[in-house]
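Undergrad: next comes the sequence, and after it the predicted model I'd like to discuss.
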Amino acid sequence: MTKQNHPAPPPEAFKSAMRGLVGACSLITVGQGEAANGLVVTTGISLSADPPMILACVNRASSCWPLLARERVFGWQALGAAHQPVAERFSGKGGLQGAARYAGADWVTTDTGVRLLADAPLAFACAVEDLIDRGTHSIVIGRVLQITTRPDSGALLYWDGQYRVLTN
């Protein structure tokens with residue numbers, strides 16, 4: 001049987017199965033002022049060390065994607081153990097949208113114009129290197145412009161539909 005006539009699993013079955021993977025919660029931030037937006041992803045990974053690049057997958061139906069495609073610079077930050085409220089706001093919990101998601105946390109703006117979470121364990125200011133469309137998402141390849149680290153912040157994980165905390 002070839003892959004062409006092999007039926008794909010239904011999307012809901014796939015989503016349910018993916019809940020079995022542990023994901024590190026990362027936050028993508030993009031835009032300025034009232035046009036600022038962002039979203040939580042569990043697919044942020046290292047792509048290359050030389051030159052430094054990261055990769056994340058962003059749903060093109062998200063409110064953040066058009067800004068990302070237009071602005072071409074973004075922040076990518078790992079969320080720490082204390083960042084569940086940030087993750088919930090940027091995941092849309094409570095109905096917050098756009099710039100309102102930034103309330104309740106401290107932010108710094110890099111010289112590239114990217115807004116980063118001030119106390120993130122790891123944060124990158126990035127330029128979009130490429131957007132590769134596959135299915136419902138774009139694979140976002142970001143070239144790292146700046147790095148900030150804050151050790152001992154723990155990590156916020158997502159597994160089986162719930163946030164989990166990892167501390168040292």
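TA: Sure, I can see it. Numbers count the residues shown, from 1 in each chain.

Undergrad: from here on, contacts and neighbour counts on C-alpha atoms
TA: Will do.

Undergrad: quick one: residue 85 from residue 41, how far?
TA: Distance, residue 85 to residue 41, using C-alpha to C-alpha, to the nearest Å: 15 Å.

Undergrad: in the sheet, who's paired with residue 59?
TA: When bridges are taken as DSSP bridges, the partners of residue 59 come out as residue 137.

Undergrad: that one: neighbour count?
TA: Here the neighbour count serves as a burial measure; for residue 59 (other C-alpha atoms under 10 Å) it reads 17.

Undergrad: ok, it - contacts?
TA: Counting by C-alpha atoms under 8 Å, 6 or more residues apart in numbering, residue 59 touches 65, 136, 137, 138.

Undergrad: can you check residue 97 too?
TA: When contacts are counted by C-alpha under 8 Å, 6+ apart, residue 97 touches 37, 90.

Undergrad: quick check, pLDDT for it.
TA: We note a pLDDT of 91 for residue 97 in this prediction.

Undergrad: check the one 4 residues further on too.
TA: Predicted confidence (pLDDT) at residue 101: the value is 95.

Undergrad: that's a helix at it, yeah?
TA: Yes. The assignment for residue 101 by DSSP: H, G, I helix; E, B strand; the rest coil puts it in a helix.

Undergrad: who touches it in this structure?
TA: Residue 101 makes contact with 37, 38, 86, 89, 90, according to C-alpha under 8 Å, 6+ apart.

Undergrad: from memory the fourth one sits against residue 96, does it?
TA: I take that to be residue 89. Yes. With contact defined as C-alpha atoms under 8 Å, residue 89 counts as touching residue 96 (6.3 Å).

Undergrad: quick one, which of these two is more surrounded?
TA: When residue 89 and residue 96 are compared for neighbours, residue 89 comes out ahead with 22 against 15, by other C-alpha under 10 Å.
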